[in-house]
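Novice: got a predicted structure here, sequence first:
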Amino acid sequence: MSRTVRFTKGHGTRNDFVLLDDRDGEFALTAAMAAALADRRSGIGGDGVIRIAPTSSAREDEVRAQADDAAWFMDYRNADGSVAEMCGNGVRVFALYLRREGLAPAEGFGVATRGGVKRVRFGGDDTVIVDMGSWRYEDESEAADGMDALVHVDGHQPFSALRLDLGNPHTVVAVPPSVDLDELDLTTAPQVNPNPVAGTNVEFVKPLGRGHIRMRVHERGVGETESCGTGICAAAIATHLWAGDLDGHEPWIVDVPGGRLQVRLLPDNHVELSGPAVLVADGTVQI
Ligand SMILES: N[C@@H](CCC[C@H](N)C(=O)O)C(=O)O
């Protein structure tokens, strides 16, 4: 059965999403539906597709359990249709949509995700600030010297990297001074060792100055994107760990091809992401 659904196209530093308004919790976002909508030629186009649904209507028990803290669930799928636990840019666009529609308090609120409840608030000029929760090492025992993986990109010696969990998996590469970040071929997925069973997002980082880095990212389930909020947080955390104590130099500034975001490292391993979100267009689509 096909149905007509309201959609909004939005982006956060050019990491773009198709938002589907399912405020009554009436349909499921399938892999095929997400991939078709995200297709840039035959669909609407996006790095991901987000269904906006009441948390109480979620199929997953762990998500429904968040309903007391977060009325709305960000049901996220990558452009290839795969499910992701969390999306740092997506949650900011999602929050802006809820505010515009009057579905959530303008002063801030919790958003339910597969990676737990994320608290959002608004700055000026459609800046959305999100407490991404607490990060952890993928494997703390392996990460003693700040590196616990190797990443292979065509034409280069393997790069050392650190695996971090921001709700979703990340592998952050410290790009050596001899390698030009812009020259890396990210048209195919970098090979990561140890091989991550559930896949990983891979961030390539260069320092620009104290508390300031530049990053490119290859997203799991998408390919190279112009920005990735969880990846930006992972990159700032990894660089902070590699650099040692940089107290007094927060927030971190992270430049990506799609723009600039800020990251604050908070107590209890919490990390806060802040940057612009934009709602571009509204329409309806048959699904
Ligand atoms: N673009 C997102 C991350 C989206 C999910 C990711 N591709 C995954 O599969 O984990 C962000 O802004 O964080």
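Specialist: Nice, I can see it.

Novice: contact residues of the stretch 51-200 of the chain facing the ligand?
Specialist: 78, 84, 87, 88, 89, 90, 168 (Cβ under 6 Å from any ligand atom). (Glycine included, C-beta is placed from N, CA and C.)

Novice: at 5 Å instead, please
Specialist: With Cβ under 5 Å from any ligand atom as the criterion, the stretch 51-200 of the chain comes near the ligand at residues 78, 84, 87, 88, 89, 168.

Novice: let's see if you can find the most crowded of those.
Specialist: Highest neighbour count within those: residue 89, with 34 neighbours (other Cβ atoms under 10 Å).

Novice: OK, contacts around the residue nearest to that one when sequence neighbours are not counted?
Specialist: Residue nearest to residue 89 in three dimensions, not counting chain neighbours: residue 12, with 3.3 Å by Cβ to Cβ, 6 or more residues apart in numbering. Residue 12 makes contact with 88, 89, 90, 92, 93, 128, 227, 229, 275, 276, 277, 278 under the criterion Cβ atoms under 8 Å, 6 or more residues apart in numbering.

Novice: pLDDT and distance to residue 112 added to these, as JSON lines?
Specialist: Compiled in JSON lines, the contacts of residue 12 are given as follows (pLDDT from 0 to 100; distance: Cβ to Cβ, whole Å):
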{"residue": "88", "pLDDT": "98", "distance to residue 112": "15"}
{"residue": "89", "pLDDT": "98", "distance to residue 112": "17"}
{"residue": "90", "pLDDT": "98", "distance to residue 112": "13"}
{"residue": "92", "pLDDT": "98", "distance to residue 112": "15"}
{"residue": "93", "pLDDT": "98", "distance to residue 112": "16"}
{"residue": "128", "pLDDT": "98", "distance to residue 112": "16"}
{"residue": "227", "pLDDT": "98", "distance to residue 112": "23"}
{"residue": "229", "pLDDT": "98", "distance to residue 112": "17"}
{"residue": "275", "pLDDT": "98", "distance to residue 112": "21"}
{"residue": "276", "pLDDT": "98", "distance to residue 112": "23"}
{"residue": "277", "pLDDT": "98", "distance to residue 112": "18"}
{"residue": "278", "pLDDT": "98", "distance to residue 112": "23"}
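
Novice: mind listing which of those residues are in helices?
Specialist: Among the contacts of residue 12, DSSP state H puts 88, 89, 90, 92, 93, 229 in helices.

Novice: distance to residue 265 added to those, as TSV?
Specialist: Supplementary listing: the ones in helices among the contacts of residue 12 in TSV, determined by distance: Cβ to Cβ, whole Å:
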residue	distance to residue 265
88	14
89	19
90	22
92	18
93	23
229	15
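
Novice: that's all I had, so thanks and see you.
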